[in-house]
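[1] Any chance you could fold what I've pasted below:
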Amino acid sequence: MRRSRLITAAAASVLAAAALTIAGAPPAGADTVTAAQAWRIVQQYQGVWTAPPSHMTSGDTVDGPLLGNGDIGVTVGGPISNQTFYLGKNDFFSLGSHAIKPLGRVVFAVPGLAGASYRMVQDIARGQAQGTYTLGGTTLTATSWVSATSGVFVTSLSVTGSSQAASFTVQNGAGATPAVSTSGSVLNAEVSADGSGPQARVASRVIGGSQSIAGNRLSVTLNPGTTYTFVAGIVSSIDSSGYQSAATGLVSAMTQADADTLGAAHRSWWQGFWQQSYAEIPDKAVEKQWYGSLYILGSTSRGGKYAPGLWGSWITGNMNWNGDYHTNYNYQAPFYAALSTNHIALMEPYDQPVLDWQSPGQALAAQQGFTGVLYPVGLSPRGTSADMNLHNQKSNAANVASVMIMRWLWTRDTAYAQRVYPWLKQVALFWQNYLTVDGSGTYHVQNDAPQEDNPYPQTDSTLTLGLLHLLMGGLADMSAALGQDAGTRTTWSNIDAHLAPFATTTVNGQTVFRETSTGAGFVNDGNDIVIQHVYPGLQVGLNSSASLLQTARNTVGQMTAAWHGGNAPPTFYAAAATVGYDPATILAGLRAEATQYAYPNMAIHHSGGGIEGVNVVASGLDEMLLQSSQGDIKVFPAWPAATSAKFGDLLARGGFLVSAARAGSTVQYIRIVSQKGGTATVTNPFGGSVQVYRNGTSAGTMTGSRLTLPTTAGETIALAPAGTPLSTINTQLSQPLQSGGSTSSSFSSGFESSGPPLTWTNTVDPSGGGLAAVGGLCCGLTAPEAGPRTSETFHGGTASLMYSGAAQGGSAVHAYLKLYDLSPAPLAIGGGKTLSYWIYPQSNATTPYVPAGSTNSTCVAIDLIFTDGTALRDSGSVDQTGDGAHPSAQCGHLTLDAWNQVTVNLGTRNANKEINRIVVGFDAPNATGGYRGYIDDLSIA
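    Predicted coordinates for the structure are as follows:
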């Protein structure tokens, strides 16, 4: 939304099960190597909450766990005593206001656990969220997911300790009571968008135990040793005219075995999704955000369903900007991310609302005295609009067309081209009418505002010129491939060749681009319109003239407000990488986006919009790793010097799946899978003679700065420095990222004066766990301790680390203290490293400051904070006895007043991570009283 202020929101039926089926498993990656690498990496990334999310109903991006199947979205807020599941659906646009509306809510209440500790983990690898809530001796675990293969929302529950009364209350989207009925054991709730439709039914029941229904509430007693599964079938009148019976039919006969089978299919879908491509880099915060962004897109877009609006499927109330399809960049941005990451299936819903608006678009153009189509800012489904205002912009249809043209250029899918070609011709027809031509034959754009509501005159918008180059050139290419419109093709090519030049000006002594030749100049306001002819316009790149490239880099450098501006990041980082701006600066900006502008659910949030944020890191990183917009494949074209990286099956222009690895500054290999045939042109990164393998057989060597490789559909080509055996390439393909030497290989400390000194003593780690309800142990101390001691209690040598504190009770009782800073040379884990340490937890028998009978001192563990901001304790890692690495999981499992060795295989769950710092944590919900002990002989090797 190119606005300087936030504006609040304004006012073929299919039969039963077939209507409820979500598109099946996506195509697998090009090979098992990519599949294995991707699955290894993504399993390490989670979102973690230790308190309920708080930003849930403000009409914009929510900060709660995100679940979705590309149609139905669920996000979770509130404590377990009154937890709300917000239900959204992509097709729930009001027939009256054309704004998207929330579908419903399910309030899950366990009043007996009021005040319980809170821990929620969003597992993006498996598309689920698991909550753990503890009060006293009772723990409730709830695992939730939206089936990837059907319209069912599931929450499975188990409790240890005492039995608990629980209820599920079904509400409409506003939190009010809907009309309800029962069908046997099923509670049916009828909901409507804005009272005007569409309608939907939420049909729910509890599997396991004995439930009761009263009004809009299901009640059940949760007993230890039994699994309880809440299931809700969600079907709208858009899905099926028989939506009511269809929703009830989804869950009425479901058994626990059926739910387990559905869960297995769900997890299989997500595993197949992840196996299509991967990226692996040393900066784990950026890497995590890359996968998190794909998770968000995979959760909110699916073939055969309505396209997601501005905020995806997570609709919790009246959404800003109607939650519509905003055509002047917001709607397009997330779909760019699907392209380079080889998730083309996620682009399927994009075209339909655009094509549905062709007739209104033609009518709007005719009203202005032109042919072709003219589009407003705010589309909504089925040929409707939530905002008919043009805001002085003519470029909206050309902007929308960018996704279609790019998809064609990257996939060479002629069936797809046939589908969108007639509409693209209508967009071009408008511009054939609208452009003016001067005496030199140059085409100009008149009165087209770069930003919404710029006053006229606005001439030769740089953004629109870039989009028209992409449109006209892409259409000419598409028409040739389809064998259609040879005469008009000449017109399109002529316009492409004779559009006005991009206007420039001077800022701080540098030549930069202007937004127009007449009108808006260089604008540094958090938008990036002045550079969008680079991306997504694709009109400047590393093959461009030196002067054009320098102007583009100058422009990026002068756009100081764009790096984290309200509207710029989704396209700005990709543009900066495309023109070869300083890679270290780009990567630092992406890291800030991932760590400072992303919620725990990995949604990047700025004032400008919602799911467009998935493109910030997805395409930003992809353009650093692989570029092909100018016709040749470049690997690591904008990557920091002496920095390792690798990727698998990213999609390049021409339908080529590309994999490559770099160790330090050395490119090890390139692998290209040709999906459509044609010629692959590769910029030679090896610096000399290149070994070529075709389908596993040597094809000799090649030389030159560019390698021209004719291919056939299905062919695999491997390139490496001359003399490299194919076996070496295959080994490198299957390895995790190899360090270029910038990281440490091991760490050890006995806390002796001769060893590495502690970086911090008695210092809480606020970003690594922090402090809650823990004070000083005794003797005037006001805070917990973690510091060296000599000649007290030690396992080896004469020194050890002493820890102490006093738990003060409550649902959250913990203290995480920093020990060692490894950030100057992060320790890469890889596949074989083990954390080992010895711990001596004290009881009242060895220190008077621990209460008699207390095991508090055992609730302590060495913890590791990774470079992506996650922690060992939350990774699911276990020690040699199978107990969790989390400090709370060690409670009662260590022998008091004795040395216990703890070892944790780090590679099992964290092989792709690097250690930023070492901390010691005490974590014991509801504990009271002192704790104290010693740690010695710490190693990571």
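[2] Now do stretch 108-128, average pLDDT.
    What stretch 108-128 shows for mean pLDDT is 96.
[3] so how far does stretch 787-796 reach from one end to the other?
    17 Å (Cα to Cα, to the nearest Å).
[4] Buried residues, it. List them.
    Across stretch 787-796, burial judged by 16 or more other Cβ atoms under 10 Å covers 787-789, 794-795. Placement of C-beta: from N, CA and C, glycine included.
[5] ditto for stretch 775-787
    775-777, 783-787.
[6] what about that stretch, start to end distance?
    For stretch 775-787, the first-to-last residue distance is 16 Å (Cα to Cα).
[7] again with stretch 844-863
    Start-to-end, stretch 844-863 (Cα to Cα) is 25 Å.
[8] now swap in stretch 373-388 and tell me
    Stretch 373-388: ends 14 Å apart by Cα to Cα.
[9] and it, how far out from the chain's middle?
    28 Å (Cα atoms, centre = their mean, to the nearest Å).
[10] Tell me where the model's unsure across this structure.
    1-30, 739-744 (pLDDT under 70).
[11] centroid residue for it?
    Of all residues in the chain, the one closest to the mean position by Cα atoms, centre = their mean is Ser293, 1.4 Å from it.
[12] Grab the nearest non-local neighbour of that one.
    Closest residue to Ser293 apart from its sequence neighbours, by Cβ to Cβ, 6 or more residues apart in numbering: Val614 at 4.0 Å.
[13] by contact count, what packs against the helix or strand containing the one you found?
    Taking DSSP states H and E as the criterion, Val614 maps to helix 614-625. The contact analysis (3 or more Cβ pairs under 8 Å, 6 or more residues apart in numbering; DSSP states H and E) places helix 614-625 against strand 278-280, helix 284-300, helix 333-340, helix 569-578, helix 583-596, strand 645-652.
[14] Listing partners with orientation, what would you give for whatever helix or strand comes next after that helix?
    Using DSSP H and E, the helix or strand that follows helix 614-625 in sequence is strand 626-627. Using DSSP bridges, strand 626-627 pairs in its sheet with strand 634-635 (antiparallel).
[15] Run through who's touching the partner strand.
    Strand 634-635 is contacted from outside by 542, 625-628, 658, 660, 662, 667, 670, 683, 685, using Cβ atoms under 8 Å, 6 or more residues apart in numbering.
[16] what does stretch 517-530 rub up against?
    2, 4, 449-451, 454, 456-463, 500, 503, 505, 507, 512-515, 555, 558-562, 565-568, 571-572, 575, 608.
[17] Could you export that stretch as PDB, CA atoms only?
    Taking C-alpha atoms only, stretch 517-530 is exported to PDB below (Å, rounded to 0.1, in the frame of the first residue of the first chain):
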ATOM      1  CA  SER A 517      10.700  12.800 -15.400                       C
ATOM      2  CA  THR A 518       8.100  15.400 -14.500                       C
ATOM      3  CA  GLY A 519       6.400  15.200 -11.100                       C
ATOM      4  CA  ALA A 520       7.700  13.100  -8.200                       C
ATOM      5  CA  GLY A 521      11.500  13.100  -8.000                       C
ATOM      6  CA  PHE A 522      13.800  11.100  -5.700                       C
ATOM      7  CA  VAL A 523      11.600  10.200  -2.700                       C
ATOM      8  CA  ASN A 524      13.200   8.700   0.400                       C
ATOM      9  CA  ASP A 525      10.100   7.800   2.500                       C
ATOM     10  CA  GLY A 526      10.000   4.100   3.200                       C
ATOM     11  CA  ASN A 527       8.700   3.200  -0.300                       C
ATOM     12  CA  ASP A 528      11.000   1.800  -3.000                       C
ATOM     13  CA  ILE A 529       9.100   2.800  -6.100                       C
ATOM     14  CA  VAL A 530      12.100   4.500  -7.500                       C
END
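[18] which residues touch the residue nearest to the centre of the chain?
    With the criterion set at Cβ under 8 Å, 6+ apart, Ser293 makes contact with 337, 602, 604, 613-618.
[19] State the phi and psi torsions of the closest residue to Leu548 other than its chain neighbours.
    Distances taken as Cβ to Cβ, 6+ apart place Val540 nearest to Leu548, at 5.7 Å, with adjacent residues excluded. Per-residue torsions, Val540: phi -140, psi 140 (degrees, to the nearest 10).
[20] if we can go back for a sec, rebuild the helices and strands packed on helix 614-625 as a markdown table, extending it with distance to Cys891.
    Converted to a markdown table, these look like this (distance: least, Cβ to Cβ, whole Å):
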| stretch | distance to Cys891 |
| --- | --- |
| strand 278-280 | 36 |
| helix 284-300 | 29 |
| helix 333-340 | 43 |
| helix 569-578 | 43 |
| helix 583-596 | 31 |
| strand 645-652 | 40 |
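[21] so which of these is the most packed in?
    Most buried of the helices and strands packed on helix 614-625, by mean neighbour count (mean count of other Cβ atoms under 10 Å): helix 569-578, with a mean of 30.
[22] angle of that one against helix 583-596?
    160 degrees (axes from the mean of the first three to the mean of the last three Cα atoms, to 10 degrees).
[23] now for helix 569-578, which elements pack on it?
    helix 333-340, helix 546-558, helix 583-596, helix 614-625.
[24] again, 10 Å this time
    helix 333-340, helix 546-558, helix 583-596, helix 614-625, strand 626-627 (3 or more Cβ pairs under 10 Å, 6 or more residues apart in numbering; DSSP states H and E).
[25] Only C-alpha atoms, please: export the second one in PDB.
    Right, the one you point to is helix 546-558. What follows is helix 546-558, C-alpha atoms only, in PDB (Å, rounded to 0.1, in the frame of the first residue of the first chain):
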ATOM      1  CA  ALA A 546      28.300   0.300 -16.100                       C
ATOM      2  CA  SER A 547      26.700   3.700 -15.900                       C
ATOM      3  CA  LEU A 548      23.100   2.300 -15.500                       C
ATOM      4  CA  LEU A 549      24.400  -0.200 -12.900                       C
ATOM      5  CA  GLN A 550      26.100   2.500 -10.900                       C
ATOM      6  CA  THR A 551      23.000   4.700 -10.900                       C
ATOM      7  CA  ALA A 552      21.000   1.800  -9.600                       C
ATOM      8  CA  ARG A 553      23.600   1.200  -6.800                       C
ATOM      9  CA  ASN A 554      23.700   4.900  -5.900                       C
ATOM     10  CA  THR A 555      19.900   4.900  -5.700                       C
ATOM     11  CA  VAL A 556      19.900   1.900  -3.300                       C
ATOM     12  CA  GLY A 557      22.500   3.600  -1.200                       C
ATOM     13  CA  GLN A 558      20.600   6.900  -1.000                       C
END
